[in-house]
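Student: give me a 3D structure for the following:
(one chain, ligands or ions: 1)
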Amino acid sequence: MAREITVVIDREKCTGCGLCLEVCPDRTISLEENRAAVTGERCMECGHCRAVCPAAAIEVTALAPESLRFNSFAMENRWLEWGAFAPAELVRLMASRRSCRNYLAKPVSRALLEDLVKIGATAPSGTNSQKWTFTVLDRRDQVEKFGNRVALFFRKLNKMAANPFYRLLSGFTGKNELGNYYRRYFASVQRALDLRDREGCDLLFHGAPAAIVVGSEEGASCPAEDALLASQNILLGAHALGLGSCLIGFAVSAIKHDPAIKEILTIPRREKVHAVIALGYPAEHYQRLTGRRPLQPRFPDMSG
Ligand SMILES: Cc1cc2nc3c(=O)[nH]c(=O)nc-3n(C[C@H](O)[C@H](O)[C@H](O)COP(=O)(O)O)c2cc1C
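Tutor: Numbers count the residues shown, from 1 in each chain. Here you go, the predicted structure:
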């Protein structure tokens with residue numbers, strides 16, 4: 001279904017420079033009598049036309065200015081020129097973000113978590129669908145409840161995987177998921193479950209007092225990619241705001257296999273979950289950056 005186009009052009013202000021036409025991915029705008037006019041039938045509401053206009057003649061009413069207003073910091077609402085941000089600072093931030101597995105018992109304010117969601121939503125999304133969803137747990141007891149439900153899933157899974165009959169059956173049918181799980185995760189998950197039972201250790205959420213579950217509504221062209229790009233923004237934003245973070249793939253996997261877990265999070269069944277991010281004030285500190293394994297990018301000679 002075609003969406004209503006929400007681009008509004010002030011013909012008085014428009015100088016007819018045509019820059020908005022150049023950056024529009026949808027050919028929504030054309031020049032009529034030397035002034036920009038909405039003539040197309042589609043618009044993905046990316047806001048490039050508004051951003052590029054030297055005369056500030058364009059508004060896109062679907063876009064919310066408050067999406068770039070934050071509770072915990074003030075941001076200059078001016079576009080950064082290509083190359084204007086220090087790459088060394090950007091990459092230092094990226095490399096300084098580490099998965100945090102020790103948290104203080106200090107709560108994270110809703111205001112800060114709301115900011116993180118907005119930071120997440122600055123990510124690109126396929127056809128600008130922005131069909132991501134963010135479910136925010138801002139209390140430790142909520143994270144614990146979620147963790148207990150995930151632990152219950154893994155308890156059942158381990159019971160099944162421990163049974164050679166089920167593993168054999170899984171080998172005959174499809175991708176042998178149970179056999180692979182048994183080889184790769186069974187023992188470490190069992191250890192984590194035992195420690196949880198015996199000593200109350202939270203090896204799933206690492207004691208985090210908050211979490212954000214990133215999902216997608218139906219109808220996105222690239223739901224997983226969008227959600228994961230938003231998640232990476234949240235991880236970087238968290239570091240900049242003084243928070244530690246950790247992706248919890250085990251929780252995502254539990255939800256994928258046991259969608260009923262969504263109910264305790266009030267996430268509708270039709271939504272998919274792509275990332276679970278543990279968040280909190282860090283109780284760990286690093287002295288240095290460590291880098292990654294050596295990389296060999298491929299530069300194909302495609303002349304032949
Ligand atoms: C998709 C994904 C799932 C992950 N799941 C978990 C998890 O369940 N528990 C955990 O402690 N860390 C998890 N991690 C964190 C990785 O172990 C971590 O990113 C990796 O060891 C590199 O360390 P760094 O994030 O500190 O750079 C996950 C990371 C990704 C990308």
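Student: from here on, contacts and neighbour counts on C-alpha atoms
Tutor: Will do.
Student: now do the residue of the chain most remote from its centre against the ligand, distance only.
Tutor: Ranked by distance from the centre of the chain (C-alpha atoms, centre = their mean), the top residue is E33, with 43.6 Å. Separation of E33 from the ligand (C-alpha to the nearest ligand atom, to the nearest Å) stands at 52 Å.
Student: bridging residues for the residue nearest to H274 when sequence neighbours are not counted?
Tutor: Nearest-residue entry for H274: G215, 5.3 Å, with adjacent residues in sequence omitted and distances by C-alpha to C-alpha, 6 or more residues apart in numbering. Judged by DSSP bridges, the bridge partners of G215 are T133, V273.
Student: next, count neighbours for G215.
Tutor: When neighbours are counted by other C-alpha atoms under 10 Å, G215 registers 24.
Student: residues from the stretch 51-200 of the chain in reach of the ligand?
Tutor: Within the stretch 51-200 of the chain, the positions lying close to the ligand (C-alpha under 6 Å from any ligand atom) are 98-99.
Student: all helices for the stretch 51-200 of the chain, in order.
Tutor: Here the stretch 51-200 of the chain has its helices, by DSSP state H, counting those that start in this stretch, at 87-96, 110-120, 140-161, 164-172, 177-181, 187-199.
Student: packing partners of the last one?
Tutor: In this structure, helix 187-199 packs against helix 140-161, with contacts taken as 3 or more C-alpha pairs under 8 Å, 6 or more residues apart in numbering; DSSP states H and E.
Student: in the stretch 51-200 of the chain, which residue sits closest to the ligand?
Tutor: R98 (3.3 Å; C-alpha to the nearest ligand atom).
Student: contact partners for that residue?
Tutor: By C-alpha atoms under 8 Å, 6 or more residues apart in numbering, the residues touching R98 are 244-246.
Student: now W132
Tutor: Residues near W132 by C-alpha under 8 Å, 6+ apart: 214-217, 223, 226-227.
Student: most surrounded residue in those?
Tutor: Of all the contacts of W132, the highest neighbour tally under other C-alpha under 10 Å goes to A227, namely 29 neighbours.
Student: go ahead and name everything in contact with the strand or helix carrying that one.
Tutor: Under the criterion of DSSP states H and E, A227 resides in helix 223-240. The contact list for helix 223-240, computed with C-alpha under 8 Å, 6+ apart, reads 93-94, 97, 116-117, 119-126, 130-132, 214-217, 244-246, 274-275, 277, 279.
Student: now stretch 159-173
Tutor: Stretch 159-173 has contacts (C-alpha under 8 Å, 6+ apart) with 176-179, 181-182, 186.
Student: just for this structure, where's the confidence low?
Tutor: 1-3 (pLDDT under 70).
Student: how far away is the residue nearest to H274 from F146?
Tutor: Look at G215 and F146: by C-alpha to C-alpha, to the nearest Å, they are 16 Å apart.
Student: returning to that earlier point: most neighbours among the contacts of stretch 159-173, please name it.
Tutor: Among the contacts of stretch 159-173, L178 has the most neighbours (other C-alpha under 10 Å), with 23 neighbours.
Student: excluding chain neighbours, what is closest to A278?
Tutor: Take A278 and drop its neighbours on the chain: the residue closest to it by C-alpha to C-alpha, 6+ apart is A211, 4.4 Å away.
Student: tell me the centre residue of this protein?
Tutor: In the chain, the residue lying closest to the centroid (C-alpha atoms, centre = their mean) is S231, at 2.3 Å.
Student: of the helices of the stretch 51-200 of the chain, flag the one that's most buried.
Tutor: Highest mean neighbour count of those: helix 110-120, a mean of 20 (counted as mean count of other C-alpha atoms under 10 Å).
Student: ok, and L31, which helix or strand is that part of?
Tutor: Following DSSP H and E, one finds L31 within strand 29-32.
Student: what pairs with that strand, and is each one parallel or antiparallel?
Tutor: Strand 29-32 sits in its sheet next to strand 35-38 (antiparallel), going by DSSP bridges.
Student: run a quick neighbour tally on the residue nearest to A278.
Tutor: By the criterion of other C-alpha under 10 Å, A211 has 28 neighbours.
Student: sorry, back to before: quick one: the residue nearest to the centre of the chain from V91, how far?
Tutor: Counting by C-alpha to C-alpha - S231 and V91 are separated by 17 Å.
Student: and what of L152?
Tutor: Counting by C-alpha to C-alpha, the gap from L152 to V91 is 39 Å.
Student: what do you get for F134?
Tutor: Separation of F134 from V91 (C-alpha to C-alpha) stands at 26 Å.
Student: count of neighbours near N163?
Tutor: 12.
Student: list the residues that contact the closest residue in space to V7 that isn't next to it in sequence.
Tutor: Distances taken as C-alpha to C-alpha, 6+ apart place V60 nearest to V7, at 4.4 Å, with adjacent residues excluded. Going by C-alpha under 8 Å, 6+ apart, V60 touches 6-8, 45, 47, 50.
Student: kind regards, and thank you for your time.
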